[in-house]
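Visitor: sequence plus predicted model, see below.
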Amino acid sequence: MSYILKISAVFALSVIGIPALSLSNMPDIQNVTCSVSETKSDTETPETDQSSPDSSEEQFFSVLDIKSGQFTEIPVREYIIGAVCAEMPATFCEEALKAQAVASHTYALYQKMHSQNDSSLKDADFSDDPSKYQAFFTSSEIKEYYGDNYEEYYGKVSAAVDEVCDLILVYEDEPIVAAFHSMSSGTTESAENIWGVNLSYLVPCDSSSDKNAPGFEEEYIFTPEEIKARISSKYEDAEFSSDTKEWFSEIQRSSSGTVTNLKAGSVQITGMEFRDLLSVRSAVFDICLTNDNKFSITTRGYGHGVGMSQYGANSMALEGKTYEQILKHYYKDVSIKTVQNNSFC
């Protein structure tokens, strides 16, 4: 029961609806490819149901088009392929793509099971709003995005999805909140530090290979006027002293480096709020005042940092790790289970 309550609390946080960043916002990935053959290691065999699935009955996810208000019934396989295409570079290794497919399927099924908690969905499983749910490409969008590489990339992604299409991640026999992000600061973050809910499978783990990912460290320059305008857009009563050196103080960090809280002017805000207000990549950041009285903000990583690092997953795949090993590294103490006709058993 305590686990169910925790899950309900997480769902209530709208930010959990953003498992990662769509490819349109990801760093340059042209040179991040799978350049080694995959080596299968001994892994725990996923739990499977004994009955045979009814292949004659195709299952769907109901997706609300937020522009038209209409529902679209998307076959599960097509949805998972579209989600993987939108969320992870097709140049990544097959085992990383498989890990992403299982995470995306789990995320979608979790949302389907809890969709009644969101009245705006109008009985749909989820919407196509990428600011609230995981990104998804339609068939036409996949063709447009891949262009001349469509046949190669679509074939690679769909083959990876087909290997794991009926698998999901479970904890205490329930689908997990399969959060994922582009790259961590070198150590992933806990759900408790980001969303205020302690989920034992979403805890910090090593992902030091992320430090070699493109765009791992980024610098942003803001004038004092820009900083004041950004903070005041949400906190109208925020006050800032005449001395810019005093604008940021009381900075608190988690063990993973995430800024959990800081004082901006006269207001206390979280690191995630700061990240959103300034539109920077990560809540793992340093603030420095430059010689010309501007603020330099340097971020490390990209995304909320919870769950699976996509660049970390690809690095593990390059080392010969399987999708099972990748998933069980980033999601602690979970099991991989087969679902029948997209119904959790």
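Guide: Structure's in. What do you need?
Visitor: just checking, what packs against the longest helix along the chain?
Guide: Ranked by residue count under DSSP state H, the longest helix found in the chain is helix 94-113. Helices and strands touching helix 94-113, by 3 or more Cβ pairs under 8 Å, 6 or more residues apart in numbering; DSSP states H and E, are helix 76-87, strand 126-127, helix 150-164, strand 167-171, strand 174-175, strand 308-309, helix 310-318, helix 323-330. C-betas here are computed from N, CA, C, even on glycine.
Visitor: could the ones you listed go into TSV alongside mean pLDDT?
Guide: As requested, the helices and strands packed on helix 94-113 are exported to TSV (pLDDT from 0 to 100):
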stretch	mean pLDDT
helix 76-87	96
strand 126-127	86
helix 150-164	98
strand 167-171	98
strand 174-175	95
strand 308-309	98
helix 310-318	98
helix 323-330	98
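Visitor: please report phi then psi for the residue of the chain positioned farthest from its centre.
Guide: Farthest-out residue of the chain from its mean C-alpha position, per Cα atoms, centre = their mean: Ser242, at 39.3 Å. Torsion angles at Ser242 (phi, psi; degrees, to the nearest 10) stand at phi -70, psi -20.
Visitor: mind checking pLDDT for it?
Guide: Looking at Ser242, its pLDDT reads 96.
Visitor: next one: it from Ser282, what distance?
Guide: 30 Å (Cβ to Cβ, to the nearest Å).
Visitor: same check, this time on Leu318
Guide: With Cβ to Cβ as the criterion, Leu318 and Ser282 are 23 Å apart.
Visitor: what angle do the longest helix of the chain and helix 76-87 make?
Guide: Angle of helix 94-113 versus helix 76-87, following axes from the mean of the first three to the mean of the last three Cα atoms, to 10 degrees, is 120 degrees.
Visitor: how about helix 94-113 as PDB, C-alpha atoms only?
Guide: Only the C-alpha atoms of helix 94-113 are listed here, as PDB (Å, rounded to 0.1, in the frame of the first residue of the first chain):
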ATOM      1  CA  GLU A  94      20.800  -1.600 -30.400                       C
ATOM      2  CA  GLU A  95      21.000  -2.600 -26.800                       C
ATOM      3  CA  ALA A  96      20.500   1.100 -25.700                       C
ATOM      4  CA  LEU A  97      17.600   1.300 -28.100                       C
ATOM      5  CA  LYS A  98      16.100  -1.800 -26.600                       C
ATOM      6  CA  ALA A  99      16.500  -0.300 -23.100                       C
ATOM      7  CA  GLN A 100      14.800   2.800 -24.300                       C
ATOM      8  CA  ALA A 101      12.000   0.800 -25.800                       C
ATOM      9  CA  VAL A 102      11.300  -1.000 -22.500                       C
ATOM     10  CA  ALA A 103      11.400   2.200 -20.600                       C
ATOM     11  CA  SER A 104       9.100   4.000 -23.000                       C
ATOM     12  CA  HIS A 105       6.600   1.100 -23.000                       C
ATOM     13  CA  THR A 106       6.700   1.000 -19.200                       C
ATOM     14  CA  TYR A 107       6.200   4.700 -19.000                       C
ATOM     15  CA  ALA A 108       3.200   4.600 -21.400                       C
ATOM     16  CA  LEU A 109       1.600   1.600 -19.600                       C
ATOM     17  CA  TYR A 110       2.000   3.400 -16.300                       C
ATOM     18  CA  GLN A 111       0.300   6.500 -17.600                       C
ATOM     19  CA  LYS A 112      -2.500   4.400 -19.100                       C
ATOM     20  CA  MET A 113      -3.100   2.800 -15.700                       C
END
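Visitor: I'm done for today, thanks for sticking with me.
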